[in-house]
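# Sharing a sequence plus its predicted fold:
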Amino acid sequence: MLKKYTTPAAGLLLSVLSAAIFAAPSERSVAPVQLASDQPSGKAEVVATFWHAMPTGITVSEKGRIFVNFPRWGDDVPFTVGELRQGKVVPYPDVAINVADNTRPAERFLSVQSVVADGQGKLWVLDTASPGFNRPVAGGVKLVAIDLSSNRVVKTLVLPAKVILPATYVNDLRIDYRVGKAGIAYITDSSLSGTGGIIIVDLASGEAMRRLTGDRSTSPEKSFVPVVEGETLLQRHGDGSTAPFSVASDGIALSADGKTLYYSPLSGRHLYSVETAKLRDSHFSEQSLSAAVRDWGEKGASDGLESDAAGNVYAGDYERNAVRKMDKQGTWSTLVHGPEILWPDTLSVAHDGYLYFTVNQLHRQPGFHGGKDMRKKPYTLMRVKIDEKPVSTR
């Protein structure tokens, strides 16, 4: 029979081993490991960075010139429309037109929300005339066409008062020269406190009409609660009070044949479309038009929309730090995703086969954080290769 025998040293070793084996997980010594994490996808390139005002709109001309705009939302905005030249943004078309002057509302850029190159040698500028989201300055909401060869304004269309409501905020536009004497512009009204809608402008006469005003498709989705960077997005005021993030029709895109207009509210995840012929027909009743709207289902919560000549539709996804693509069959896929894509805003398909988009950290503005600015400069202009061409306006 063997005797049980333990030396003092062996006993000490046994005590140490037992303590290690039965220690709480937090007390164990763990070697550093690489934990699983959210993985980026796609390849986005940084085209430019912006260290001053926050950009929204972006467009690329047929000759590769890049234009960007900076709405007057509270940042110091020395000019609201600019051109990117050798890595630097300069006022466009000149300094003078960018100096806000409410006494000359039709002649000056007051607060520009969108710029669109038409592929035919012109840049169209959409002026909200609503600095700080205030009531639009009378006679200031306008479309301005600039000839890119001479860099001169060649047309100014002040939108008639009948289509500009007290809370109207014109947001984005698409141009189509295939209809009307000189073409048509489609514009979204993304009112923050009123009703959304689509504004149609005859580019020859300047006549305009509103359609789908207050329709469910142009209104913030009911019970929509966005979550960005893990936080519920709310308007958070300095006194501690809050209000929902409620913004109407925003993104807009035109199909390659010009027969379908896609759009979506900023506060929502659904994509909608309507036939442009019905939209333009003033004799087609609002009730019938509403019934003709197609709901494509959820695409993700997006700011900008875009389309290409092959029939694809693109949308940002600000909840998922991504840009997505819907093919001709209506199937969505993620084009690019990454932690640096903090609120993709406007999208623009260029002739070089890239999709350009601004990233501006919109959700980190002071209004969402009790007056504290959480944005971290620089803001960025990015692009991703899609090997497609932009929709032709002609």
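Perfect, I can see it now. All values reported here derive from a predicted model rather than from experimental measurement.

# Under the pLDDT cut-off, which ranges of this structure? List them.
Counting by pLDDT under 70, the ranges of the chain that qualify are 1-30.

# So for it, the centremost residue is which one?
Note on the chain: the residue nearest the mean C-alpha position is Asp345, at 2.5 Å, using CA atoms, centre = their mean.

# from memory that residue sits against Thr56, does it?
Yes - A contact is recorded between Asp345 and Thr56 when judged using CB atoms under 8 Å, the distance being 5.2 Å. Glycine gets a C-beta too; all of them are placed from N, C-alpha and C.

# Mutual contacts of these two, please.
Shared contacts of Asp345 and Thr56, defined by CB atoms under 8 Å, 6 or more residues apart in numbering, are found at 358, 360.

# where do the strands sit along the stretch 1-150 of the chain?
For the stretch 1-150 of the chain, the strands defined by DSSP state E, counting those that start in this stretch cover 45-50, 58-60, 66-69, 81-85, 88-91, 112-117, 122-127, 142-147.

# tell me which element the residue nearest to the centre of the chain falls in.
Here Asp345, judged by DSSP states H and E, is contained in strand 344-349.

# Which secondary structure elements does the following helix or strand past that strand sit against?
Heading C-terminal from strand 344-349, the first helix or strand you meet, by DSSP H and E, is strand 354-359. Counting by 3 or more CB pairs under 8 Å, 6 or more residues apart in numbering; DSSP states H and E, the packing neighbours recorded for strand 354-359 are strand 58-60, strand 344-349, strand 379-385.

# Using CSV, lay out those together with distance to Arg210.
Putting these into CSV (distance: least, CB to CB, whole Å) gives the following:
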stretch, distance to Arg210
strand 58-60, 25
strand 344-349, 23
strand 379-385, 32
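
# and Val125, which of those strands is closest to it?
Nearest of the helices and strands packed on strand 354-359 to Val125, taken as CB to CB: strand 58-60 at 9.9 Å.

# So what would you say the end-to-end distance of stretch 91-111 is?
Across stretch 91-111, the terminal residues are separated by 13 Å (CA to CA, to the nearest Å).

# Now do the buried residues in it.
Neighbour counts over stretch 91-111 (16 or more other CB atoms under 10 Å) mark 91-93, 97-98, 100, 105-106, 108-111 as buried.

# residues near the spatially closest residue to Gln113 that is not a sequence neighbour, how many?
What sits nearest to Gln113 in space, not counting adjacent residues and going by CB to CB, 6 or more residues apart in numbering, is Thr128, at 4.8 Å. Other residues within reach of Thr128, judged by other CB atoms under 10 Å, total 26.

# For Thr128, give me its contacts.
Contacts for Thr128 (CB under 8 Å, 6+ apart) come out as 71, 110-113, 136, 141, 169-171.

# Gly121: neighbouring residues, count only.
Under the neighbour criterion other CB under 10 Å, Gly121 is assigned a count of 16.

# what do you get for the one 5 residues further on?
When counting by other CB under 10 Å, one arrives at 23 neighbours for Leu126.

# Is it correct that it is in contact with Ser114?
Yes - with contact defined as CB under 8 Å, Leu126 and Ser114 form a contacting pair (4.3 Å).

# Now do the shared contacts for those two.
Residues within reach of Leu126 and of Ser114 at once, by CB under 8 Å, 6+ apart, are 170-173.

# re the thing from before, tell me which strands and helices the strand holding Asp345 is in contact with?
Applying 3+ CB pairs under 8 Å, 6+ apart, we find strand 344-349 packed against strand 58-60, strand 305-307, strand 313-317, strand 322-326, strand 354-359.

# which of the residues in that strand are buried?
If you call a residue buried by 16+ other CB under 10 Å, then strand 344-349 has these buried ones: 344-349.

# Give me the residues contacting that strand.
Outside strand 344-349, the residues touching it (CB under 8 Å, 6+ apart) are 55-60, 114, 172, 302-308, 314-318, 321-323, 355-360, 362, 386, 388-391.

# Grab the nearest non-local neighbour of Thr80.
Using CB to CB, 6+ apart and skipping the chain neighbours, the partner closest in space to Thr80 is Val112 (4.4 Å).

# ugh, wrong one, Ser302
Ala315 (4.0 Å).

# Please verify my assumption that that neighbour contacts Gly304.
Yes - applying CB under 8 Å as the test, Ala315 and Gly304 come out as touching, 7.4 Å apart.
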